[in-house]
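Chemist: Take this sequence and fold it.
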Amino acid sequence: MIQCPHCGREAPDEAFCTWCGAHLVGSVADPRRRRHHYAADPTEHVAHPSVVTTLFPHLPRHRVHEFRWGLAGGLAVVVLLVAGGLIVAAILAAAVLVPSLYLVYLYEAQVYRDEPAKVVGLTMAAGAVIGVLVSVVADSLLHEASPLHLSPTAGYLAASAILLPVVQEVLKPLPAFVLRIGGGFAETIDGLTFGVSAGLGFAAAETIVQFSRVLGTEPVHSASASWLFPVIGITVLTPLMQASCTGAVTASLWNRRGRSRSVYAAGVPVAFGVHVAYSAVGQLLADHGVDPAIVAGYQLVVVGVALVYLRELVHVALLDEAVDVGFSAVVCPHCRQSVGAAAFCPRCGGAVTAGPRRPEAAALLAGEGGAAETIGGGAPAGGADA
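Modeler: Predicted coordinates:
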């Protein structure tokens, strides 16, 4: 055992302090914040805009590639449907791809513990209901015969690409905050998970409503040349944007007792800014005849910015929230080593709470056949919840 120079507590003589997560081996810049070792996946840099390790933080590291392949494979199927002229099938597949992957993730990582109906119903399903309501109302107010009498240029752009995103960001997080009020999910990483779930439900419903006329009138086979980038957008870019923005709002506001860091205060402004930049600038580019590939590239950059902010927020929150975690024998959900750990694995530096939430699911996913007494949010044998 050694004394950590950052938190002053006795810790195993390994690469990372198990209490505060600081990097203890070698010479690195700012070892307390260890930016080269993202707390939810210590093999990645904090600024690496990875979709899966950002939005699926409880997923064990050795399962990450399965979801990456699932996302890539689903996108490939959608592209093939578009290439084959099956536009209706492509839109339907696009609307449900990322939300479906997220439901699988919630099940695999047991994020909802013993309350699947409550968590899924109050996040993704409720987000979808809000998505339908907001999209229907927006469509009735923003079409050609709108009672608002919007001008065809500046007025419409301000309402559809600036005001509407702000309204969406106010309403989308509400289902997630119902869970926070109910208690039982107090960590920032919970806020991120439930906010992302609500955002994905909203995105799926929004896509179905927006393309309802196409779904009802488009022939089985149709010309596909102009559909490729719009469908890619609703398959990946828009769901990730909606999920990232909602996750930023919920995670930054989830549990702010005594916090004054700028990364928490930036959550709401970043969400609003990202959504408006994605919608308003993207629409302006499209209206001025910019190539759809360039528009998609711009929106991809905006989504990347949102993901990097989310990673910074989650990373800082995992480091800040480590003080109340007790020491116990675990199987690390990241490196799958049996270690004595508190908040962080002393060998790889991964946050133990960024793992499967139920002990039996954690042991199974870690490939240890039940060897772990507790991982993540589970309780040590004979102990209280960490």
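Chemist: Now do the spatially most central residue of the chain against residue 72, distance only.
Modeler: Against the mean C-alpha coordinate of the chain, by Cα atoms, centre = their mean, the closest residue is residue 55 at 2.8 Å. Here the distance between residue 55 and residue 72 works out to 15 Å (Cβ to Cβ, to the nearest Å). Quick note: C-beta positions are derived from backbone N, CA and C, even for glycine.
Chemist: Can you tell me the element residue 90 falls in?
Modeler: In the assignment (DSSP states H and E), residue 90 maps to helix 87-109.
Chemist: and that helix, which residues are buried?
Modeler: Neighbour-count burial for helix 87-109, counted by 16 or more other Cβ atoms under 10 Å, picks out 87-99, 101-103, 105-106, 108-109.
Chemist: I'd like the average pLDDT over that helix.
Modeler: Helix 87-109 shows a mean pLDDT of 90.
Chemist: CA atoms only for that helix, dumped as PDB, please.
Modeler: Listed next in PDB are the C-alpha coordinates belonging to helix 87-109 (Å, rounded to 0.1, in the frame of the first residue of the first chain):
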ATOM      1  CA  ILE A  87     -37.200   4.100 -49.200                       C
ATOM      2  CA  VAL A  88     -40.100   3.400 -46.800                       C
ATOM      3  CA  ALA A  89     -38.200   0.400 -45.400                       C
ATOM      4  CA  ALA A  90     -35.100   2.500 -45.100                       C
ATOM      5  CA  ILE A  91     -36.800   5.200 -43.200                       C
ATOM      6  CA  LEU A  92     -38.500   2.800 -40.800                       C
ATOM      7  CA  ALA A  93     -35.200   1.000 -40.200                       C
ATOM      8  CA  ALA A  94     -33.400   4.400 -39.700                       C
ATOM      9  CA  ALA A  95     -35.900   5.500 -37.100                       C
ATOM     10  CA  VAL A  96     -35.400   2.500 -34.900                       C
ATOM     11  CA  LEU A  97     -31.700   1.500 -35.300                       C
ATOM     12  CA  VAL A  98     -30.000   3.500 -32.600                       C
ATOM     13  CA  PRO A  99     -33.000   3.400 -30.100                       C
ATOM     14  CA  SER A 100     -33.000  -0.400 -30.500                       C
ATOM     15  CA  LEU A 101     -29.300  -0.700 -29.900                       C
ATOM     16  CA  TYR A 102     -29.800   1.400 -26.800                       C
ATOM     17  CA  LEU A 103     -32.600  -0.900 -25.500                       C
ATOM     18  CA  VAL A 104     -30.200  -3.800 -25.900                       C
ATOM     19  CA  TYR A 105     -27.600  -1.900 -24.000                       C
ATOM     20  CA  LEU A 106     -30.000  -1.100 -21.100                       C
ATOM     21  CA  TYR A 107     -30.800  -4.800 -20.900                       C
ATOM     22  CA  GLU A 108     -27.200  -6.100 -21.200                       C
ATOM     23  CA  ALA A 109     -25.800  -3.700 -18.700                       C
END
